[in-house]
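**Q** Sequence first, then the predicted structure, then my questions.
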Amino acid sequence: MVPAENATDRVQHDSHAPRLLYLVERAGQHSAGQRVSVIVPTLNEEENLPHVLPRIPDWVHEVIVVDGHSVDDTVAVARALLPSVRIVTQEGRGKGAALRTAFRAVTGDIIVMLDADGSTAPEEIPLYVAALVAGADFVKGSRFMQGGGTSDMTILRKLGNGGFVAMSRLLFGSKYTDLCYGYAAFWTRNVPALRLNGDGFEIETMMNIRALQARYKVAEVPSFEADRVHGVGRLRTFPDGFRVLRTIVREFLHPNPAWADRNPGADRRRTANARYRAKERRRGRDRRADAARAAAPTPAQIEVVTQPPPAVSFKDARN
Ligand SMILES: Nc1nc2c(ncn2[C@@H]2O[C@H](COP(=O)(O)OP(=O)(O)OP(=O)(O)O)[C@@H](O)[C@H]2O)c(=O)[nH]1
Ligand SMILES: [Mg+2]
């Protein structure tokens, strides 16, 4: 790992992190005694790890590389770059499955997750940790708030992400400015309550929405996402975009029942519905009652039905 002063210099010169970040690092109050575990998911990232692991501040408690059965030398490179690194082999397939494996292996109080392809700057870690220590339950990076940015997203991905952000605002009342981004930090003790079950890239969306549902104090911090240094990304815009969309819809239709009481949106919806039904009942306009009334025969119809048939004379029948 690099000495803290060098890391600080890089913050000023190489990354787009704001001046606040520099001040946080200089202050030396990185984690207020909390142990920080950094999780880095890797899938064939041997060429990119040298751009990531050495930049992680040396005051972190542990660095966990959770590997998705890479076929290159990712694991050996990680060990060479950072002898203290903990290597965990993921269960299942996909980034979501990898992160969930790593969450179980964590021994620190705070988890920071970032990517291994060089697009997320480890120099921003203090900013995430500072927000947690200052009182947030969950901290997510945002590329679209003042001070953040990206050079890694195509127009199509920006549009997709923007649409998903809008959905999170409409459906869950969030004030998010970003949704599908892999840089986040949270308290280890809060992870079980999120009951994460996503396997792929939808995991970030799931975490961000469930943090809202759990009524966590969520803070966004500005973050800059650079281009991946080497190789091509694993994310496929349409299939993975569809997984994100499905996750949003599912979270809306089937929120965790344990959170129903803690979800003001659900409360409001439930109360508004109950009030509407009560009003309808009071005014005798309950739709089911109206329908039953409409289907019942009127007194006039009953009279017609019960009238005796007209008498037919023998002469008429013969004609
Ligand atoms: N362990 C593990 N890591 C993965 C898996 N898929 C992706 N990753 C890692 O997750 C991080 C983000 O994946 P990327 O492929 O860069 O996805 P992305 O940043 O959305 O896509 P690009 O912008 O194209 O780079 C990288 O560090 C990958 O190595 C996986 O199945 N298992
Ligand atoms: Mg990437």
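**A** Sure thing, it's come through. Ligands and ions are numbered 1, 2, ... in the order given.

**Q** Give me the contacts around stretch 153-163.
**A** For stretch 153-163, contacts defined as Cβ atoms under 8 Å, 6 or more residues apart in numbering pick out 143-144, 150, 178-180, 225, 237, 241, 244. Using the backbone N, CA and C atoms, a C-beta is placed for each residue, glycine as well.

**Q** same thing but at 7 Å, please
**A** The set of residues external to stretch 153-163 that reach it, using Cβ atoms under 7 Å, 6 or more residues apart in numbering, is 178-180, 237, 241.

**Q** State the number of residues packed around residue 291.
**A** Using other Cβ atoms under 10 Å, residue 291 is surrounded by 10 other residues.

**Q** Quick check: nearest residue in space to the closest residue to ligand 1 within the stretch 101-250 of the chain, chain neighbours excluded?
**A** Nearest residue of the stretch 101-250 of the chain to ligand 1, counting by Cβ to the nearest ligand atom: residue 233, 1.9 Å away. Of all residues not flanking residue 233 in the chain, residue 117 sits nearest, at 7.0 Å (Cβ to Cβ, 6 or more residues apart in numbering).

**Q** In a helix, that neighbour, correct?
**A** No: using DSSP: H, G, I helix; E, B strand; the rest coil, the assignment for residue 117 is coil, not a helix.

**Q** Would you map the strands across this protein?
**A** Assigned by DSSP state E, the chain shows strands spanning 36-42, 62-67, 86-89, 110-113, 138-142, 149-150, 184-187, 218-222, 224-225.

**Q** helices or strands up against the fifth one?
**A** I take that to be strand 138-142. Applying 3 or more Cβ pairs under 7 Å, 6 or more residues apart in numbering; DSSP states H and E, one finds that strand 138-142 makes contact with helix 125-133, strand 184-187, strand 218-222.

**Q** Can you pull the residues of the stretch 151-300 of the chain lying near ligand 2?
**A** 228, 233 (Cβ under 5 Å from the ion).

**Q** which residues of the stretch 151-300 of the chain score low on pLDDT?
**A** 257-258, 260-272, 285-286, 298-300 (pLDDT under 70).

**Q** Now the stretch 51-200 of the chain against ligand 1: closest residue?
**A** For the stretch 51-200 of the chain, Cβ to the nearest ligand atom, closest residue to ligand 1: residue 68, 2.6 Å.

**Q** what's the spacing between the spatially closest residue to that residue that is not a sequence neighbour and ligand 1?
**A** In space, and not counting its chain neighbours, residue 68 is closest to residue 43: 4.2 Å by Cβ to Cβ, 6+ apart. For residue 43, the distance to ligand 1 equals 4 Å [Cβ to the nearest ligand atom, to the nearest Å].

**Q** Look up how far residue 167 lies from residue 43.
**A** From residue 43 across to residue 167, the span is 28 Å (Cβ to Cβ, to the nearest Å).

**Q** Nearest to ligand 2: which residue in the stretch 1-150 of the chain?
**A** Minimum separation of the stretch 1-150 of the chain from ligand 2 (Cβ to the ion) falls at residue 117, amounting to 4.2 Å.

**Q** roughly how far apart are residue 125 and residue 139?
**A** For residue 125, the distance to residue 139 - Cβ to Cβ - is 11 Å.

**Q** cool, residue 174 as well?
**A** 14 Å.

**Q** which one of the two has more residues nearby?
**A** Using other Cβ under 10 Å, the more surrounded residue of residue 174 and residue 139 is residue 139, with 26 against 20.

**Q** For the closest residue to residue 174 other than its chain neighbours, which residues are in contact?
**A** Once flanking residues are discounted, residue 174 sits nearest to residue 168: 4.4 Å by Cβ to Cβ, 6+ apart. For residue 168, the contact set (Cβ under 7 Å, 6+ apart) comprises 174, 176, 179, 209, 248.

**Q** Residue 187 touches residue 106, doesn't it?
**A** No: at 10.7 Å, residue 187 does not count as touching residue 106 under the criterion of Cβ atoms under 7 Å.

**Q** Which of the two has more residues huddled nearby?
**A** Between residue 187 and residue 106, counted using other Cβ under 10 Å, residue 106 has the larger neighbour count: 20 against 17.

**Q** check contacts around that one.
**A** Contacts of residue 106 (Cβ under 7 Å, 6+ apart): 37, 64, 188.

**Q** Residue 282: which of those is nearest?
**A** residue 188 (50.8 Å; Cβ to Cβ).
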